[in-house]
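S.K.: sequence and computational prediction follow.
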Amino acid sequence: KYFKFYVDAYVKMGNNTILTPIFTPPLDTAVGGERLTTQLVKVIYQKGKYLFDFSLLKEFISICLHCGVKYFELSHLYSQWGGKACPKIMVEKNGKLKNEFGWKVKSTSYKYKRFLKAFLKELTAFLASENLLDKTFMHLTDEPSAQHVKRYVKLSKFIKKHNGGIPILDALSCYEFFTKKSVDIPVVAIDSPDLKLFNGVNPKMLYYCVGMGTNYLTNRYFTMPLGRTAILGMQLYSTGVQGFLHWGFNFYNTQYSLKSINPYKETSAGGQFLAGDSFVVYPKENGVNYSIRYFALLRGFEDYRLLKTVQQKHSRERVLQILNSYGVNGLNEYP
């Protein structure tokens with residue numbers, strides 16, 4: 001029931017796509033370390049073969065759809081910041097659970113490729129049976145940089161051979177990833193020096209996270225006036241992007257997930273993130289408590305949808321004229 005409370009709050013805020021932990025998400029995890037296991041796909045190794053149980057994933061999807069989620073983004077298949085290693089994947093062997101992959105196994109290893117071929121075949125069949133193939137996105141590695149392009153291209157080619165055509169969506173800000181045709185939906189940081197290079201790319205999305213708040217950029221830190229948070233919706237419309245990748249909703253850990261925190265007492269991930277970066281809701285006994293920043297973001301997403309509605313009745317050009325008349329111009333200029 002606690003999971004449902006969070007999903008319900010997440011959707012009411014205006015979000016329509018949810019990160020789906022097929023395996024424990026390899027996000028903000030110390031190299032060599034582990035996050036708390038949150039694996040929806042049960043994996044059994046038996047007689048030289050991998051077997052998969054999707055019953056927990058099916059239950060997760062059912063709850064999300066009931067709450068109003070429209071799309072699912074599958075957790076990353078490779079480690080963060082370049083995809084050098086594998087995610088944590090618990091596998092049952094001879095009745096015992098063991099992390100069979102993780103940091104100790106290279107992303108390009110034969111062992112992991114063999115596993116992924118078997119897994120993706122069963123996963124795509126499952127998603128097709130649930131009528132979700134066209135409502136699913138796939139992540140490879142979060143926030144790779146220019147030095148990782150060669151490896152990313154290699155990983156992408158392998159995945160695209162076996163993933164049933166599911167679009168690859170990743171937070172990456174180097175334009176070369178797109179020119180190599182390795183990512184289908186690039187998600188670009190609002191402070192990326194390459195942002196203008198993506199102007200003609202469609203679809204694309206934007207994101208922000210730690211430290212992206214200079215030069216009047218929008219964000220959701222405690223130190224910012226709420227109007228600076230809520231302006232996001234108008235900016236998403238004016239820049240013409242197709243979505244916003246949202247970090248983070250309820251990350252209650254220190255940086256690198258070394259330990260959990262009490263968000264009522266610790267707001268900056270152990271002093272490593274700016275306060276407000278990693279969560280916008282608080283836990284409570286039967287539900288969630290909302291932050292005022294939650295409502296500022298809700299307002300921003302409502303603004304975006306209102307502007308899209310006005311566009312249907314008039315034109316995008318007319319809406320942009322109105323926004324410009326009020327001083328909204330790109331990501332750095334607004335009233």
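M.R.: Happy to help now that I have it.

S.K.: helices and strands around the one helix or strand Ile61 maps to, which ones?
M.R.: Here Ile61, judged by DSSP states H and E, is contained in helix 55-67. Using 3 or more CB pairs under 8 Å, 6 or more residues apart in numbering; DSSP states H and E, the elements in contact with helix 55-67 are helix 2-12, strand 17-20. The C-beta positions use only the backbone N, C-alpha and C, and glycine is treated the same way.

S.K.: need the next SSE after that helix, C-terminal direction.
M.R.: Once the chain leaves helix 55-67, the next helix or strand it forms, by DSSP H and E, is strand 71-74.

S.K.: show me what that following strand pairs with in its sheet, parallel or antiparallel.
M.R.: strand 17-20 (parallel), strand 136-138 (parallel) (DSSP bridges).

S.K.: tell me what whichever helix or strand comes after the longest one is packed against?
M.R.: Going back to what we said before, that points to strand 17-20. Following strand 17-20 in sequence order, the next helix or strand is strand 42-46 (DSSP H and E). Applying 3+ CB pairs under 8 Å, 6+ apart, one finds that strand 42-46 makes contact with strand 49-53, strand 90-93.

S.K.: correct me, but Val41 touches Ser55?
M.R.: No - with contact defined as CB atoms under 8 Å, Val41 and Ser55 do not form a contacting pair (9.4 Å).

S.K.: sorry, back to before: residues touching the helix holding Ile61, excluding its own?
M.R.: 3-4, 7-8, 10-11, 18, 20, 22, 40-42, 72, 126, 130, 132 (CB atoms under 8 Å, 6 or more residues apart in numbering).

S.K.: what is the mean pLDDT for the longest helix anywhere in the chain?
M.R.: Across the chain, the helix with the greatest residue count (assigned by DSSP state H) is helix 292-313. Helix 292-313 comes out with an average pLDDT of 98.

S.K.: in it, what counts as buried?
M.R.: Buried positions in helix 292-313, judged by neighbour count with 16 or more other CB atoms under 10 Å: 293-294, 296-301, 303-304, 307.

S.K.: and if you look at stretch 96-105?
M.R.: 99-103, 105.

S.K.: output that stretch as CSV, nothing but the C-alphas.
M.R.: What follows is stretch 96-105, C-alpha atoms only, in CSV (Å, rounded to 0.1, in the frame of the first residue of the first chain):
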residue,chain,number,x,y,z
LYS,A,96,20.4,-19.4,-2.9
LEU,A,97,20.3,-15.7,-4.0
LYS,A,98,23.5,-14.1,-5.2
ASN,A,99,24.4,-10.9,-7.0
GLU,A,100,25.6,-12.5,-10.2
PHE,A,101,26.7,-9.4,-12.0
GLY,A,102,27.2,-5.8,-10.6
TRP,A,103,30.5,-3.9,-10.6
LYS,A,104,32.7,-7.0,-10.9
VAL,A,105,31.4,-7.9,-14.4
